[in-house]
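Trainee: What would the 3D arrangement of this be:
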Amino acid sequence: MIISSQQIQMVLRLYGGQKLQAAGEQKTGETDKSDVQQGDRADFSAEAVDHKKLREVVLNAPEVREELVQKIKTALEKGEYQVSAEDVADKILGRLLMDRLL
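Mentor: Okay, here's the model as predicted:
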């Protein structure tokens, strides 16, 4: 699966912002334990919650962007496909960063 720069930015925003938000939610979400019926319970770390959200984003991303594939095929057939070295480097570094985060 190819991860676009937009997806990378979305994941970075999600990953970076959720840690602080999750910590705040934990404090505001507390309830009086005497009012809650006791039973089985599981607590997940903020990192585990972040991981779940990132996983959902990645799993919901399309495997192939058909419109982009068709656009590139057409440009290749016409001999008009041009890509800058900077764009290639950005994609390589972006994917490297995503691999390290996930």
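Trainee: roughly how far apart are His51 and Val11?
Mentor: Note on His51: its distance to Val11, by C-beta to C-beta, to the nearest Å, is 11 Å. The C-beta positions use only the backbone N, C-alpha and C, and glycine is treated the same way.
Trainee: ok, now which ones touch Leu12?
Mentor: By C-beta atoms under 8 Å, 6 or more residues apart in numbering, the residues touching Leu12 are Leu97, Leu101.
Trainee: which element follows the helix or strand it falls within toward the C-terminus?
Mentor: Assigned by DSSP states H and E, Leu12 belongs to helix 5-28. Using DSSP H and E, the helix or strand that follows helix 5-28 in sequence is helix 46-60.
Trainee: could you say what helices and strands that next one packs with?
Mentor: helix 5-28 (3 or more C-beta pairs under 8 Å, 6 or more residues apart in numbering; DSSP states H and E).
Trainee: What average pLDDT does the helix it packs on get?
Mentor: Averaged over helix 5-28, pLDDT sits at 62.
Trainee: what does stretch 51-70 give?
Mentor: Computed over stretch 51-70, the average pLDDT equals 87.
Trainee: what comes up buried for it?
Mentor: Buried residues in stretch 51-70, counted by 16 or more other C-beta atoms under 10 Å: Leu54, Ala61.
Trainee: For that stretch, list the C-alpha coordinates in PDB.
Mentor: In PDB, the C-alpha atoms belonging to stretch 51-70 read as follows (Å, rounded to 0.1, in the frame of the first residue of the first chain):
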ATOM      1  CA  HIS A  51      -2.300   2.900  17.900                       C
ATOM      2  CA  LYS A  52      -5.900   1.800  17.500                       C
ATOM      3  CA  LYS A  53      -6.900   5.100  15.800                       C
ATOM      4  CA  LEU A  54      -3.800   5.000  13.500                       C
ATOM      5  CA  ARG A  55      -4.600   1.400  12.600                       C
ATOM      6  CA  GLU A  56      -8.200   2.400  11.600                       C
ATOM      7  CA  VAL A  57      -7.000   5.200   9.500                       C
ATOM      8  CA  VAL A  58      -4.500   3.000   7.600                       C
ATOM      9  CA  LEU A  59      -7.100   0.200   7.200                       C
ATOM     10  CA  ASN A  60      -9.700   2.500   5.800                       C
ATOM     11  CA  ALA A  61      -7.300   4.000   3.300                       C
ATOM     12  CA  PRO A  62      -7.900   2.700  -0.200                       C
ATOM     13  CA  GLU A  63      -5.300   0.200  -1.500                       C
ATOM     14  CA  VAL A  64      -5.100   1.900  -5.000                       C
ATOM     15  CA  ARG A  65      -6.200   5.300  -6.000                       C
ATOM     16  CA  GLU A  66      -7.600   4.400  -9.400                       C
ATOM     17  CA  GLU A  67      -8.000   8.100 -10.600                       C
ATOM     18  CA  LEU A  68      -4.300   8.700  -9.900                       C
ATOM     19  CA  VAL A  69      -3.200   5.500 -11.600                       C
ATOM     20  CA  GLN A  70      -5.200   6.400 -14.700                       C
END
